[in-house]
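In: Got a predicted structure here, sequence first:
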Amino acid sequence: MPLFFFDIRDGKSHSPDTEGTHYVGALEARVDAVKMLVAMAQDEVQGGLQSNLSVTVSDESRRPVMEANIDCSIKVF
C-alpha cells in the first residue's frame, strides 16, 4: 500500500507529517485530507479567529499530489 504524508498549516504554524499513513490509493488519502481540514475548521469555531487552513498531501517521495484549503473567518459578537 502506498504511503502518503499530510502536512498541515493553520495560518500560524506548519506541522509536517514525519511518519506518513498507508492507503490503498490516492483517493482514500484525499478523502481523509478533506475530513482533516473540516475538523480543523470546526476547531477554529472555539476561538473566533481568522486563518487560512491547509492540508498538503504528498506521496512516498514527498511529491505533493493534492492541497486542500479553507479560508476560515469567524466573527463573534
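Out: Arrived safely.

In: Any stretches of the protein with poor pLDDT?
Out: Filtered on pLDDT under 70, the chain yields the residue ranges 44-50, 74-76.

In: Relative to Phe77, how far out is the residue nearest the centre of the chain?
Out: Most central in the chain under C-alpha atoms, centre = their mean is Val55, positioned 2.4 Å from the mean C-alpha point. Using C-beta to C-beta, to the nearest Å, one gets 30 Å for the distance from Val55 to Phe77. The C-beta positions use only the backbone N, C-alpha and C, and glycine is treated the same way.

In: Show me where this protein has its strands.
Out: Ranges of strands within the chain are 3-9, 14-15, 21-22, 50-58, 64-73, based on DSSP state E.

In: Redo these as CSV? Include distance to Ala33.
Out: CSV is the format used below for those (distance: least, C-beta to C-beta, whole Å):
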stretch, distance to Ala33
strand 3-9, 6
strand 14-15, 14
strand 21-22, 10
strand 50-58, 5
strand 64-73, 5
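
In: So for Arg30, which of those sits nearest?
Out: With respect to Arg30, and counting by C-beta to C-beta, the nearest of these is strand 64-73 at 5.4 Å.
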